[in-house]
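In: Pasted the sequence and its predicted model underneath.
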Amino acid sequence: MWDVSKKFLCVTLSKNVLWCPDAFLAQHLSHMFKAEDKKQQQAIANLQVEYLNQKDASLSADVQKYTNETCLWVIQISTLLEVQEKKNLTLDDLKNQCVVLLNGVKLAGEVSVHLKTVMNLHAALGKPMTKTVVMALSQSVNHVLQYLNYQILTIIINAKNRLITDKSYTKKHLDTLSAFVLAEKVLFGPVSFQRCLVARLALSIARANSTKALRDDEVEQIYSYLYQLKNLCKMQEDIQEACDTSFLYFQRVLLPIYFQHATKAKLPCLKMSYMMSAMSDSVDLLTKSNVDNKDDTFSKSFKSDVLDKIHSHAIKPICENIETNLRLQVHSHLRQNQNANNPLVSNEGITSLANIVDVSPMKLFDSYIDVRSHVEHYLDQTFYNLTTVALHDWKSYGEMKSLGKVKYDLSLVHNQLPYQTLEHGLDVLEIMRNIHIFVSNYLYNLNNQIFVEQSSENKHLNTLNIRHISNSIRMHGTGIMNTTVNFTYQFLRKKFYIFSQFLFDEQIKSRLTKDIMFFKESKSQTDQKYSYERADKFNKGIRKLGLSPDGLSYLDQFRILISQIGNAMGYVRMIRSGGMHCCSNSLNFIPELEDIVKYGEMTRSENLSETTCEAAERLDHVINDLTQNFAEGTQYFKLLVDVFANDFRNPKNNHLQNFYIIVPPLTINFVEYMITAKDKMNRRNKTGATFTDDGFAMGIAYVLKLLNQNKQFDSLHWFESVRDKYTKERASLAKSGPIEDKLKTTNMLTAKRLDTYQQEFDLLYFGLSSAKIFFQKQVNTDLGKS
């Protein structure tokens, strides 16, 4: 670790930010340092001081080296430009251009790093710069000035010496000598435009008094050097004047065309930033010409005009192109073009969009234009507005946001729409008010905790899952959970009245009584298993009692009633799970659930204002409500069991005790219904098709719990009897011996039918076993949360 620190004493991260490995480790790992580490740290500090001294000592030589390299690079780039004008470039010429340009970038980087390192080290180590170092850092221009001064002074001193040694000395010689002395003194001081002008006048006087004072070649050299000095003194003004682009004010009509072209170019960042910088000069021109107008109306009008042109002809097209690109990518599966996803046949403009978004903020007048921020704001606004218009498209815009993050690194904010409108689904409040319609039109899936619409005239079926319930509870509040359970209770009470009427019917009750007596008398002969043939006979025989206009028997309608009761219980379970999901998201901000701080008591003990105390108590109430809803497990199921159990087990309702014997015929009826419904999934007309209906299993488990008949139903060993029945049929089919080719197809279809029925009975058994868990006496709280 310390060896690395010795090799890399410091690194300039950005501008004046200097990172030293030893200081970083000492700040963050000082508790791990030993005595040897502190010695190493001191040694590295000494190395830094020594390194800085070496850099200071060699700074003049380094500056001279970089100056020579820069001059060489200028010569090389000039040569390349001359070659480029010939327009007959070879591969070697292109290679040389690439090498020279990269060398220029490398040279500029080396100079920048060198200067930053020296200056930042002086600041970090608290070591002041000597005059020699300061001069070395800024001597590039001074060297040139000193060289020119030296050349002029050498000529003047030589001319003055010749004049002094001249034997024919006159008063004119005295005036000429005075002019030389004046020019010499002026040039010995700091170089400025005024001093150059005085020196020029002095030399003109000397030349006028005595034409022999300066030779013609000396006069030419002096004036050439003075001209160069004057240009160096006026260099800043000359550069500013040469680079003045205020004339663009009168050519504003070209801006829309320019911005349209710049946004389509492959390197728009360089072009647009240069143009915006150039437009700023026009503001200075308008400010100077608008002396009397204190409001500076001309400048404001010009700024507004330029900003409007940039937004309408540059920013807006960029935003629209990115939106179009994201939309096409998300819906690419709908495009018929086979080359839509081929990276080798892609649109060239797509690659430039990423370059545009990555452009650094560009300064325009007294503000900055950040293309990324404008694109993010545009997409946020567009996605929000379009989502509110077409709520069912929320998923597409969510995918577009994710794709924008991946492709363009765009940080789009949450649209903050009400949660129940994020998907075209039902709201808890609407379901609560129309629960009788919901349980008849939606089918429950026990494992995934999802409701699927049974049938719809639309292209897609609606679904309802925990996320929708959680979002609705978050919007309406947790109080809606208790209200929903109350509505469910009222719905169940009506359904149980129909349930009781069915079992009380004389024809149904007599058949069930006979079946119970038959099972008790023959269970020793049937190995304690309820006969499949008896149940199937009940299922078929009840159709003789009559059919509804829809072709449903009484048992079919009773099965639907059980499924609706089970759907209601499944909805209560989903309400509980959605409440848990909602509360858990809110409880993430509470550090300790077992030791919750009472903010109301704390604020009153500190004698804070009454408003603060009331706010703290309200916060305590909210936290308490969340924790109770989070920790109360499956109390809703227990509540719905307790509220009906006494009536169901009352001797006055003795006819309900026959329910357990009707479950086997109900399961046969349910399996036949499911096989038919699943078979319709593969047909063109999918009316009545479905793949799940776990509400039936949930309803059976709930009613068995209310009647306390789980043991009586288990004594039937019904699913074992079903398994034995299909096992025997498969074995009989296998023992049939050699058969003709014509009968092979029939036997294969029969085997497939037996496997299908056995599979559906197994699925029902698994679902019923899972549903019974929710109604056990010692209910595990965690199961209610699932």
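Out: That came through, no problem.
In: what about the strands in the chain?
Out: Using DSSP state E, the strands of the chain run over residues 11-14, 17-19, 362-364, 367-369, 442-445, 450-453, 463-465.
In: Please identify the deepest-packed of those.
Out: Neighbour counts (mean count of other Cβ atoms under 10 Å) averaged over each of these peak at strand 442-445, with a mean of 23. For every residue, glycine as well, the C-beta is placed using N, CA and C.
In: just checking, what packs against that strand?
Out: With contacts taken as 3 or more Cβ pairs under 8 Å, 6 or more residues apart in numbering; DSSP states H and E, strand 442-445 sits against strand 450-453, helix 554-587, helix 695-707.
In: quick one: strands adjacent to that strand?
Out: strand 450-453 (antiparallel) (DSSP bridges).
In: which other residues reach the strand it pairs with?
Out: 438, 441-445, 461-465, 567, 570-571, 574, 690, 692 (Cβ atoms under 8 Å, 6 or more residues apart in numbering).
In: For stretch 535-552, C-alpha coordinates in CSV please.
Out: C-alpha atoms of stretch 535-552 as CSV (Å, rounded to 0.1, in the frame of the first residue of the first chain):
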residue,chain,number,x,y,z
ALA,A,535,-70.6,-39.2,-6.4
ASP,A,536,-70.7,-39.4,-10.2
LYS,A,537,-74.2,-40.8,-10.0
PHE,A,538,-75.3,-37.8,-7.8
ASN,A,539,-73.7,-35.4,-10.3
LYS,A,540,-75.5,-36.9,-13.3
GLY,A,541,-78.8,-37.6,-11.4
ILE,A,542,-79.3,-34.0,-10.3
ARG,A,543,-79.5,-32.9,-13.9
LYS,A,544,-82.9,-34.7,-14.1
LEU,A,545,-84.3,-32.1,-11.6
GLY,A,546,-84.1,-29.5,-14.3
LEU,A,547,-81.8,-27.0,-16.1
SER,A,548,-81.6,-23.3,-16.1
PRO,A,549,-82.0,-21.3,-19.4
ASP,A,550,-78.2,-21.3,-19.7
GLY,A,551,-78.1,-25.1,-19.5
LEU,A,552,-76.8,-25.3,-15.9
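In: Quick one: mean pLDDT over that stretch.
Out: Average pLDDT, stretch 535-552: 87.
In: that older thread, quick one: the strands of the chain as TSV, columns for mean pLDDT and distance to residue 763 too.
Out: Listed next are those as TSV, based on pLDDT from 0 to 100; distance: least, Cβ to Cβ, whole Å:
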stretch	mean pLDDT	distance to residue 763
strand 11-14	70	63
strand 17-19	74	64
strand 362-364	83	64
strand 367-369	85	62
strand 442-445	92	12
strand 450-453	90	16
strand 463-465	87	20
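In: Which of those strands sits closest to residue 222?
Out: Evaluated over these, closeness to residue 222 peaks at strand 362-364, with 44.3 Å, by Cβ to Cβ.
In: The closest one packs against which elements?
Out: Secondary-structure packing of strand 362-364 (3+ Cβ pairs under 8 Å, 6+ apart): helix 268-289, helix 297-310, strand 367-369.
In: As JSON lines, the ones you listed with distance to residue 324 would be great.
Out: Shown next, in JSON lines, are the helices and strands packed on strand 362-364 (distance: least, Cβ to Cβ, whole Å):
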{"stretch": "helix 268-289", "distance to residue 324": "17"}
{"stretch": "helix 297-310", "distance to residue 324": "20"}
{"stretch": "strand 367-369", "distance to residue 324": "22"}
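In: right, and these - which one's nearest residue 645?
Out: It is, among the helices and strands packed on strand 362-364 and with distance given as Cβ to Cβ, strand 367-369, at 71.4 Å.
In: which residues touch residue 478?
Out: With Cβ under 8 Å, 6+ apart, residue 478 has these contacts: 579, 582-583, 625-626, 629.
In: repeat that with 10 Å
Out: Each residue near residue 478 by Cβ atoms under 10 Å, 6 or more residues apart in numbering is listed here: 579, 582-583, 586, 622, 625-626, 628-630.
In: so how far is residue 624 from it?
Out: 11 Å (Cβ to Cβ, to the nearest Å).
In: Kindly tell me how buried residue 467 is, as a neighbour count.
Out: 16 (other Cβ atoms under 10 Å).
In: try residue 214
Out: Neighbours around residue 214, by other Cβ under 10 Å: 23.
In: Also the one 4 residues further on?
Out: Other residues near residue 218 come to 18 when the count uses other Cβ under 10 Å.
In: Find me the pLDDT at it, would you?
Out: 78.
In: Just to check, it is in contact with residue 160?
Out: No - contact criterion Cβ atoms under 10 Å: residue 218 and residue 160 do not qualify, at 11.8 Å.
In: just the helices in the stretch 601-750 of the chain please.
Out: Assigned by DSSP state H, counting those that start in this stretch, the stretch 601-750 of the chain shows helices spanning 610-631, 635-648, 659-679, 695-707, 710-714, 718-734, 741-773.
In: mind listing what's buried in the second one?
Out: Read that as helix 635-648. 636-638, 640-641, 644, 648 (16 or more other Cβ atoms under 10 Å).
In: Same question for the fifth one.
Out: By neighbour count with 16+ other Cβ under 10 Å, helix 710-714 contains the buried residues 712-713.
In: For that helix, which helices and strands make contact with it?
Out: With contacts taken as 3 or more Cβ pairs under 10 Å, 6 or more residues apart in numbering; DSSP states H and E, helix 710-714 sits against helix 659-679, helix 695-707, helix 741-773.
In: buried ones in the first one?
Out: Along helix 659-679, the positions that meet the burial threshold by neighbour count (16+ other Cβ under 10 Å) are 659-674, 677.
In: cool, the shortest one as well?
Out: Within helix 695-707, the residues that count as buried by 16+ other Cβ under 10 Å are 695-707.
In: do stretch 521-539 as well
Out: The neighbour-count check on stretch 521-539 (16+ other Cβ under 10 Å) flags 523, 526, 529-532, 534-536, 538-539 as buried.
In: quick one: residue 464 and residue 431 touch, right?
Out: Yes - Residue 464 is within contact range of residue 431, at 7.8 Å (criterion: Cβ under 10 Å).
In: Now the common contact residues for those two.
Out: Residues touching both residue 464 and residue 431 (Cβ under 10 Å, 6+ apart): 425, 438, 442, 451, 472, 571, 574.
In: Tally up the residues packed near the fifth one, please.
Out: Here the neighbour count serves as a burial measure; for residue 472 (other Cβ under 10 Å) it reads 27.
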